[in-house]
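Engineer: Got a predicted structure plus its sequence, pasted below:
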Amino acid sequence: MLEAVAELGGEAPRATLERPPRADFGDYSTNAALLLAPRLGAAPREVAQRLADALKRRLGAELERVQIAGPGFLNLFLADSWLLQALAHALGAGEEFGAGGAASPEHMLVEFVSANPTGPMHVGHARNAAYGDALARVLAFHGHRVEREFYVNDAGSQVVKLGASVCALARGEPVPEDGYRGEYVRQLVELIDTDDMDPAEVGRAAVEVMVAHMRRSLEAFAVRPFGRWEYESSLHEGDPSAVARTLALLEQQGRTYRSEGALWLRTTEFGDDKDRVLLRSSGEHTYFASDIAYHEQRRERGFDREIDVWGADHHGYVSRMKAAYRALGGDPDRLELLIMQLVHLLRAGERAQMSKRAGEFVTLDDLLAEIGADAARWYLLARSHDTTVDLDLDLAREQSSENPVYYVQYAHARIASILAKAGDRRVAEAERDASERRGLPLHPSERTLIEQLLAFPSELAEAAERRAPHRIAAYALELAQGFTAFYRDCRVLGAEPARVESLRIALCVTTKRTLLRALELLGVSAPEEM
């Protein structure tokens, strides 16, 4: 397509080439002529005809026909031979099919989960974990160098309050009004010897226990290991500390001022709606001061791009963090602050409430015990991160075609069964025959499945560029549905002649690999049998 566009003497950087919603619109449709027309000073339909002629010259018999539709859309009907050649290419790419497509690979940091260590992770953190992990997987497969990081907020009054809560229960006293409640706090009492320890020390010990628990929960949730666990407390260590150095730098640059005994950052100079406090009149640092120091440390590590995955309650934090990053000399476009929306966990039609201090919340461990890691990850990833998720536990437990994760996994297992029956030797023979399939007529279901397979690289690219792992979930479900229709309409083992059987075995191999890759990117297992 790009070569044909160049032949016309123009360029259409926003042109799309996509599968249309209806088969009678062709195999692929493009808006390139509409975008080229103003550049070439010609009517869109005239440009569409010129583009069609260029494509016919380049593709020859592999382009069956071209249709100019509407104001200048171009619908392409490809010959079976072109699709078979493309399938051979996908088959030959093996497990790397769709990999490494990033035009400009970057060194990226993805910081995610970063749940406060004052309690177990709840289902909101689970969504953040699933999303951050899947995004990191997608970006890495797309060709970027990706590092993962967890930022532990283990400093400040919340840690002291947690310690005070544990101490109170250890003494048999009521938890302070602003303390933490719940069964997990009682468990901390059993794990921590509070004798001769003040609340701050007990709080730090409790954080160690909670972080260790988080690590185990994330591992059970199939989250790949973090390269670094950064602690807020470390930012206040040393002389001068990282926080002190950052505040001094901002002061040297004239970015701060004092008012009413507090130290303020002039974030309004960089697009924020009001200036922000860094150091309270009491001398206590704000969380914002720690966050700025943390981001400054990260910036000094030289990433091309930093991606923070934050909870829904951080929406108002975006503008101030961008402003602070810019004040430090960073490019705010290289700092992406992605806000997750809420998860509503539905059980018997009711929504569970989540509050660490009241102790009334559903933990990640509870979720895994009820529906398992595969279903939990699928349902938390199947919707865009900026939309609310209603997770129906009853549906997630179903082993039926109504449950999308079960449906996709079952398609993978069915293909594994077909290939096992064919035997390794026959499968290897079918793969070797990939270059000898030209001239075979394709069944409509075969054509559809091949086109769905060929869409994987572009779907992966969209998922990476738009930070949208949910596209992979939607693609996997569509591919599984395409395979089900193919299997219904086309006999695989025993198909005649042998070349047709080889083609269909090769289709099974490529579909299985692609389903496996899609599920792997989502962090969902791909069973060989079910």
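Structural biologist: That came through fine. Predicted, not measured: the structure shown is a model, and the values here were computed from it.

Engineer: residues making contact with stretch 362-378?
Structural biologist: For stretch 362-378, the surrounding residues in contact (CB atoms under 8 Å, 6 or more residues apart in numbering) are 120-123, 125-126, 129-130, 134, 217, 220-222, 345, 352, 354, 379, 391, 393, 396-397, 403-406, 409, 473, 522-525. All C-beta atoms are positioned from the backbone trio N, CA, C, and that covers glycine.

Engineer: What's the ChimeraX syntax to select whichever of these are buried?
Structural biologist: With 16 or more other CB atoms under 10 Å as the criterion, this ChimeraX line picks the buried residues out of the contacts of stretch 362-378:
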select :120,121,122,123,125,126,129,130,134,217,221,222,345,352,354,379,391,393,396,403,404,405,406,409,473,522,523,524,525
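
Engineer: phi, psi of the residue positioned nearest the centre of the chain?
Structural biologist: By CA atoms, centre = their mean, the mean C-alpha position of the chain lies nearest to Leu135, the distance being 2.8 Å. Dihedral pair for Leu135: phi -60, psi -40, per degrees, to the nearest 10.

Engineer: the strands in the stretch 201-350 of the chain, which residues?
Structural biologist: For the stretch 201-350 of the chain, the strands defined by DSSP state E, counting those that start in this stretch cover 228-231, 256-259, 262-265, 276-279, 305-310, 335-339, 343-347, 350-351.

Engineer: In CSV: those strands, plus mean pLDDT and distance to Val362.
Structural biologist: Shown next, in CSV, are the strands of the stretch 201-350 of the chain (pLDDT from 0 to 100; distance: least, CB to CB, whole Å):
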stretch, mean pLDDT, distance to Val362
strand 228-231, 97, 25
strand 256-259, 96, 42
strand 262-265, 97, 37
strand 276-279, 96, 34
strand 305-310, 98, 20
strand 335-339, 98, 21
strand 343-347, 86, 5
strand 350-351, 77, 10
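
Engineer: which stretch among the ones you listed comes nearest Gly92?
Structural biologist: Among those, the nearest to Gly92 by CB to CB is strand 305-310 (32.1 Å).

Engineer: in its sheet, what does the closest one sit against?
Structural biologist: Note on strand 305-310: by DSSP bridges, its sheet partners are strand 107-111 (parallel), strand 335-339 (parallel).

Engineer: Touching, Leu83 and Leu442? I think so.
Structural biologist: Yes: the pair Leu83 / Leu442 is scored as a contact, 6.5 Å apart, by CB atoms under 8 Å.

Engineer: Return every residue with contacts to both of those two.
Structural biologist: Listed as contacting both Leu83 and Leu442 by CB under 8 Å, 6+ apart are Ile450.

Engineer: give me the low-pLDDT residue ranges for this structure?
Structural biologist: Within the chain, the segments meeting pLDDT under 70 span 1-15, 352-360, 435-436, 438.

Engineer: Pull out the buried positions in stretch 398-416.
Structural biologist: So for stretch 398-416, counting by 16+ other CB under 10 Å, buried means 403-416.

Engineer: Just the residues contacting it, thanks.
Structural biologist: Contacts of stretch 398-416 (CB under 8 Å, 6+ apart): 374-375, 378-379, 382, 395-397, 473, 476-477, 479-481, 483-484, 487, 508, 511-512, 515-516, 518-519, 524-530.

Engineer: and what of stretch 163-171?
Structural biologist: Contacting residues not belonging to stretch 163-171 are listed as 174-176, 179-181, 185-186, 188-189, 192, 194, 197-206 [CB under 8 Å, 6+ apart].

Engineer: let's see 6 Å
Structural biologist: By CB atoms under 6 Å, 6 or more residues apart in numbering, the residues outside stretch 163-171 that reach it are 175-176, 179-180, 185, 188-189, 194, 199-200, 202-203, 206.

Engineer: for that stretch, which positions count as buried?
Structural biologist: Residues 163-170 are the ones in stretch 163-171 that count as buried (16+ other CB under 10 Å).

Engineer: Distance from it to the middle of the chain?
Structural biologist: Per CA atoms, centre = their mean, to the nearest Å, the displacement of stretch 163-171 from the mean C-alpha position of its chain is 39 Å.

Engineer: do the same with stretch 391-410
Structural biologist: Relative to the mean C-alpha coordinate of its chain, stretch 391-410 is positioned 21 Å out (CA atoms, centre = their mean).

Engineer: Also stretch 330-344?
Structural biologist: That offset, for stretch 330-344, works out to 12 Å (CA atoms, centre = their mean).

Engineer: Tell me where the stretch 51-200 of the chain has helices.
Structural biologist: 80-93, 123-141, 157-170, 183-191, 199-220 (DSSP state H, counting those that start in this stretch).

Engineer: okay, the angle between the third one and helix 199-220?
Structural biologist: Put plainly, it is helix 157-170. Put simply, helix 157-170 runs at 100 degrees to helix 199-220, going by axes from the mean of the first three to the mean of the last three CA atoms, to 10 degrees.

Engineer: gap between the two ends of stretch 388-396?
Structural biologist: 17 Å (CA to CA, to the nearest Å).

Engineer: what does it rub up against?
Structural biologist: 341-347, 370-371, 375, 379, 383, 403.

Engineer: if we go to 10 Å?
Structural biologist: Residues outside stretch 388-396 that contact it (CB atoms under 10 Å, 6 or more residues apart in numbering): 123-124, 126-127, 312, 340-349, 351-352, 362, 367, 370-372, 374-376, 378-383, 398, 402-406.
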